[in-house]
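1. Need the 3D shape of this:
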Amino acid sequence: MLAELQRSAFLDDLTPADRRVDRILLTLPIGVIAALLAALIGGVVVFVAFAIAGGGADAAERLMTMVGQAAVPVGLTATAFVLCLLAFANGGMALAFTGIAALLHHRKLGSYFTAAPRFRWRLLLLGLGLFFAILGPLLLASAALDPKAPGAPILAVSHGLGGRLAYVVIVVALLLVAAAAEELVFRGWLLKVTGAFVRDPRVVLVLSGVLFSAIHFDPNLDAFLMRLAMGMGLAWMTLRLGGTEFAIGAHAANNILILLFIQPMSLKPDASHAFPPETLIVAPLMLAGYVAMAEIVARWAPLRRWGRVAVA
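-> Predicted structure coming up:
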């Protein structure tokens, strides 16, 4: 299967411009500055929107103070505020950074999303659906077996059906945006840069997973290994299916299940804890599940046609 990754359509459009080290070195500082400015603008937009819709500047300032103190958001409004900041700040950062990269490397911004002529929304839906069907039960079962699990957030965020439905809509919509932002940088841009110099898919997969895990700054080894497996699996999806669409759906589905049924939104980093040995089993299973999802779509003709996937 590694041979198929090496012939990935996602890397077919690489040119000598993508191998210009000077342009990569320029991308990093300029892209980071542009990303920080975009995050600031996104934060201001969210603040103003909540000030207008949520009771004035004082209410929005209290929400911003909550974020600054890394407090746990309580209730629908506070959770929506945090998710909006996450989606629009991260989304702006990703678009700004990759926009600078596209400009310096003389390529279209959309090429960091997909090798297809247009973004394949059906493939994104397949990523959502297959994750829910294949890895969702494993994720929910592990939470159900955890005696320290806090309970389903959807039941705590509101006592009414309307509030819970609103929570579902907010979580799904905003986590799709947040997942797209992460995939654009860590699978879109990073795979292009790595693939321009190294065509060994094993190196590309590991580097994507390591950087994706490291950027979360979690002090716990089990969390690092789980995110490493997730990052490698998402990179496999992108290379195998010629774009980030499926990975965006799977990434979003993982986060959606967590915020709906496993643990509430939290701004505090996880405290250090002992390494659970079962991670050495769960992490490889998670990676295998991501690979299996991509292979199902790549190899099963009806799904391949519906998702508009062209594979080598």
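
2. separation between residue 210 and residue 287?
-> As judged by Cβ to Cβ, to the nearest Å, residue 210 and residue 287 stand 13 Å apart. C-beta here means a position set from N, CA and C on the backbone, and glycine is covered the same way.

3. Could you list every helix and strand that the host helix or strand of residue 192 packs against?
-> When secondary structure is defined using DSSP states H and E, the element that contains residue 192 is helix 190-197. Helix 190-197 is packed against helix 201-214, helix 221-241, with contacts defined by 3 or more Cβ pairs under 8 Å, 6 or more residues apart in numbering; DSSP states H and E.

4. Can you pull out the residues in contact with it?
-> The contact list for helix 190-197, computed with Cβ atoms under 8 Å, 6 or more residues apart in numbering, reads 8, 10-11, 14, 18-19, 24, 111-112, 203-204, 207-208, 211, 235, 238-239.

5. list the buried ones in that helix?
-> For helix 190-197, burial by neighbour count (16 or more other Cβ atoms under 10 Å) applies to 190-196.

6. Show me where the protein has its helices.
-> Along the chain, the segments classed as helices by DSSP state H run 2-6, 21-53, 57-68, 75-105, 121-130, 136-144, 153-156, 161-183, 190-197, 201-214, 221-241, 245-257, 279-299, 301-306.

7. hey, which helix or strand in this structure has the poorest pLDDT?
-> Lowest on mean pLDDT, DSSP states H and E among the helices and strands of the chain sits helix 2-6, with a mean of 77.

8. Tell me the pLDDT of residue 146.
-> Turning to residue 146, the model gives it a pLDDT of 69.

9. start at 384 instead
-> Okay, residue one is now 384; in that scheme the one you just asked about reads as residue 529.

10. Sketch out the low-pLDDT regions of the protein for me.
-> 438, 529-530, 694-695 (pLDDT under 70).

11. Pick out the residue nearest the middle of it.
-> Nearest to the mean C-alpha position of the chain, by Cα atoms, centre = their mean, lies residue 562 at 3.1 Å.

12. Which pair of the buried residues of helix 573-580 spans the longest distance?
-> Using Cβ to Cβ, the pair of the buried residues of helix 573-580 lying farthest apart is 573 and 579, separated by 10.7 Å.

13. contacts for the least confident helix or strand of the chain?
-> Around helix 385-389, the neighbours that count as contacts under Cβ under 8 Å, 6+ apart are 582-585, 587-588, 619, 622-623, 681, 694-695.

14. try 10 Å this time
-> 394, 578, 582-585, 587-588, 618-619, 621-623, 677-678, 681-682, 694-695 (Cβ atoms under 10 Å, 6 or more residues apart in numbering).

15. Now do that helix: distance to the chain's middle.
-> For helix 385-389, the separation from the chain centroid amounts to 23 Å (computed by Cα atoms, centre = their mean, to the nearest Å).

16. What of stretch 456-465?
-> 20 Å.

17. Between its first and last residues, how far does stretch 636-645 reach?
-> Criterion Cα to Cα, to the nearest Å; first-to-last residue distance in stretch 636-645 is 13 Å.

18. Please read the previous query as pertaining to stretch 499-518.
-> 27 Å.

19. With stretch 490-510 instead?
-> By Cα to Cα, the extent of stretch 490-510 from end to end equals 26 Å.

20. Report how many residues lie close to residue 437.
-> Burial of residue 437, expressed as a neighbour count using other Cβ atoms under 10 Å, amounts to 15.

21. Touching, it and residue 464? I think so.
-> Yes. In terms of Cβ atoms under 10 Å, residue 437 counts as a neighbour of residue 464; the distance is 8.0 Å.

22. and for the two, which residues touch both?
-> With Cβ under 10 Å, 6+ apart as the test, residue 437 and residue 464 both reach 443, 445-446.

23. By neighbour count, which of these wins?
-> Counting neighbours by other Cβ under 10 Å, residue 446 comes out on top of those with 24 neighbours.

24. Could you list which residues are in contact with that residue?
-> For residue 446, counting by Cβ under 10 Å, 6+ apart, the contacting residues are 429-430, 433-434, 437-438, 456, 460-461, 463-465, 467-468.

25. repeat for residue 439
-> With contacts defined as Cβ under 10 Å, 6+ apart, residue 439 is in contact with residue 433.

26. For it, give its distance to residue 602.
-> Look at residue 439 and residue 602: by Cβ to Cβ, they are 39 Å apart.
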